[in-house]
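Colleague: Fold the stuff below for me.
(2 chains)
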Amino acid sequence: MPVLTFREALNQAMTEEMERDDRVFLMGEEVAQYDGAYKVSQGMLKKFGPSRIIDTPISEGGFAGIGIGAAMVGLRPIVEFMTFSFSLVAIDQIVNNAANMRYMSGGQFAVPIVFRGSSGMAGCLAATHSHRLEAWYAQIPGLTVVLPGTPADAKGLLKSAIRSDDPVVFIEHEVLYHEKGEVPEGEHVVPIGKADIKREGSDVTLITYSRSLKATLAAAEKLAEEGIDAEVVDIRTIRPLDLDTLLTSIGKTHRGVIVEEDWPYCGLGAGIADRITQAAFDELDAPIRRVAAKDAPIPYNRTLEASMLPSVDRVVAAVKDVMYV
Amino acid sequence: MPIEVTMPKLSPTMETGVIAQWLVKVGDKIKEGDVLADIETDKATMQMKSYDDGTIVHIDHGAGDEVALGQRVMVLAKKNEDPKKVAADLGLGGEAKAAPKAAAQRAEASAPVAAAAASGVASTGGLVADRAGGNGNGNGHPSSDNGQQAAAVPSHGGRVKASPLARKLAASAQVELAGIQGSGPNGRVVRRDVEAYIQAGPSKAATPQAAPTTAAAPIAAQRIPHSRMRKTIAQRMVQAKQTAPEIHLTVDIRVDRLVAAREELNKRLAREGVKLSLGDFVTKAVAMSLRAHPGVNASYEPDAIVRHGEVNIGIAVALPEGLIVPVLHRADTLGLREIRKRSEALAAAARSNNLSGEQLTGSTFTISNLGMFGIRQFDAILNMPEVGILAVGTADKRPVVEGDRLVVGTVMTVTLTADHRAVDGAMAAEFLQTLRGLLEEPTSMLL
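Modeller: Residues are numbered from 1 along each chain as shown, chains lettered A, B, ... in the order given. So this is what the prediction gives:
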């Protein structure tokens, strides 16, 4: 199986889907001439030409709206935000128009669009460029929200996202772009709404996604040295949540720790913990613990920023807490 | 002069009260009407309220203590008095610790956290809340770890802390959580504690079980100490059976018309969200029949029979821990709608342990209804000093002889238990005749 970087896997997914379906096009800041701010669209202008790989001005609200309009009349746009921190100026288009058009038009219009781009705390980007907005978008009925954590999932889920008849918020993590992993060739499609058990275990369920998967898997290995057998569930799709897989795992381990780069208050883990508690209260031997980013703006200083993140040590401590050891 | 607060009479029959938990502690400033403690009376757990303003300088008894009516439970310093001086005058010293009596030392432990402390855990002032995330505005205050801060939540009395899974395991193995030493934070009983307890169980008990073919989980015998309510039920049932020569009279009542009338009325009442039960009609009819037969609405006293002026119907309500009889006052003056609403309110108050003293006293006759369980007929035991209690069974379809034909009719069987010292057979029968007439021809209740 070929080994690709995360960005190559995304490039492959878009290229294959554009070859398969000529309604698919890519639009965003510097996606064409510059080959993408993070080189995700490398070579695509050359391959597909300027009518399908379109550079836009710095105007997220404008080109998000153009994409939604194009989707309403039958095209399948991929709108790239250089980072999802900039999607904040387009959030009205995404929430009010993309998410609600099918409902408000009584089913007359569908919006088959993908909003994708980088996000997260990626090193010295400071408070305004380090946002993790997954919980914001995941709250909106009408949106599908996907956060892959491996190159293979990135490719398979992006292909599913492009094929979806409804808007998908596809959030990549900037520090993952250079991560390498095996990626199946050709028709590799990962279904939306399906979690993946990245490591099996019996003592505690670690629930995570995107970049935090790495720290969580490392924590699981460290815990194994101490005789604690952790199961790691990568939820991959944030909305709709694969609650079945989570409940099956919790039913086995009776303990859960959620690891997320999101902020703690009203964060994604709060919603997931609530769903688990409602459905499986009697299975829990301990309150569900969350390891999240600390509750403060993200600092520019590299050391301070690192201290905000869910670390291996913090995950291990939370696991010991729910294990009562 | 400081105020001596004594054990109040919170139920008409109580002689002592058990302090379930203190809701105040030494040093608290209290006002008239503040709730001081939960008191278990022979009937129910009631709130003990303050009749005075002042500062608590001393508490005589800890949670779990049984205190006789009128006995002092605490001392209050009045507004113009120095609490320290009052305490010193009591011989307690400024710290209220130097008291020679054991009771005074218990007073130290009588704050609401006492239970946690008593279970052998260093008291941290209560549970540590689930550290589910800091929720400041996030500006410049990253919290110590996880962005998650611990906050103290007050603990509740002697509640056993256990994880949900531990509760489930204990319930399925039929072991009591209270007997298990918890190893989690603040003494929380967790899965491993229950499993260890169950494993240790059979060897402790050393009871050779008749070995069934499959290895069942060991089921330990349970010993449930009498609650106040259980003691009261036992004492009053025995008293009734030993004192009153009972007679039982049973009658079948054809309720087809009543069922139809109920449906009709419930259609009208649907808008108000009121749904009458057959039991409400029985309550109404019983109240009217008692008005017509005052000899059944009575008490037997050594030198006289007291016929009561009011018709107050006690309605037996089953609770998980026993049984309680809240009272529907002057039920004969109430319409069906009002009977439904008040019965519902009484049952809800009974289940949430919120009955007032008035709601528990003054009944002149009691109804016990087991119809909802499909019971056709049973005999109830008198609720002394009343002389009658009606046991109401289920209304179901039964073969009925009508003239010389056999037809299907809806029939309800009721049984009156009467104290023959006050109620003779004929009087009891007449009462039932009236009741039957009202229920078979519900429109006659309008007359």
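Colleague: Run a quick neighbour tally on the residue in the stretch 51-200 of chain A positioned nearest to chain B.
Modeller: The stretch 51-200 of chain A approaches chain B most closely through A:A127 (10.6 Å), counting by Cβ to the nearest Cβ. Bear in mind the C-beta positions are built from the backbone N, C-alpha and C, glycine included. A count of nearby residues for A:A127, using other Cβ atoms under 10 Å in any protein chain shown, gives 13.
Colleague: Return the residues in contact with it.
Modeller: A:P297, A:I298, A:P299, A:Y300 (Cβ atoms under 8 Å, 6 or more residues apart in numbering or on different chains).
Colleague: tell me the domain boundaries of the chain?
Modeller: The chain I'm using is chain A. Per automatic domain parsing, the structural domains of chain A span A:3-182, A:196-323.
Colleague: wait, I meant chain B there
Modeller: Chain B breaks down by automatic domain parsing into domains covering B:3-118, B:160-204, B:228-446.
Colleague: want to throw those into CSV with mean pLDDT?
Modeller: Listed next are these as CSV, based on pLDDT from 0 to 100:
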stretch, mean pLDDT
domain B:3-118, 76
domain B:160-204, 85
domain B:228-446, 93
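Colleague: closest one to A:P148 among those domains?
Modeller: domain B:160-204 (32.8 Å; Cβ to Cβ).
Colleague: and that closest one, anywhere near chain A?
Modeller: Yes - using Cβ under 8 Å from any Cβ of the partner chain, domain B:160-204 comes into contact with chain A via B:S163, B:P164, B:L165, B:A166, B:R167, B:K168, B:S183, B:G184, B:P185, B:V190, B:R191, B:R192.
Colleague: Pull up the distance across stretch B:36-44, start to finish.
Modeller: 16 Å (Cα to Cα, to the nearest Å).
Colleague: May I ask which helix or strand encompasses B:M46?
Modeller: In the assignment (DSSP states H and E), B:M46 maps to strand B:45-49.
Colleague: Past that strand, which element shows up next along the chain?
Modeller: strand B:54-59.
Colleague: for that following strand, packing partners?
Modeller: Counting contacts by 3 or more Cβ pairs under 8 Å, 6 or more residues apart in numbering or on different chains; DSSP states H and E, strand B:54-59 packs against strand B:29-30, strand B:72-77, helix B:83-89, helix B:102-108.
Colleague: Can you tell me the strand partners of the shortest one and which way each runs?
Modeller: So that's strand B:29-30. strand B:54-59 (antiparallel) (DSSP bridges).
Colleague: Can you tell me what sits against the partner strand?
Modeller: For strand B:54-59, the surrounding residues in contact (Cβ under 8 Å, 6+ apart) are B:2-3, B:22, B:24-30, B:73-79, B:81, B:83, B:86-87, B:90, B:92, B:96, B:104, B:107, B:110.
Colleague: Counting neighbours, which bits of whichever helix or strand comes after it end up buried?
Modeller: Sequence-wise, the next helix or strand downstream of strand B:54-59 (DSSP H and E) is strand B:66-68. The neighbour-count check on strand B:66-68 (16 or more other Cβ atoms under 10 Å in any protein chain shown) flags B:V67 as buried.
Colleague: what does chain A put close to chain B?
Modeller: So chain A meets chain B at A:254, A:263-265, A:267, A:270, A:273, A:281-287, A:289-297, A:307-308, A:314, A:317-318, A:324 (Cβ under 8 Å from any Cβ).
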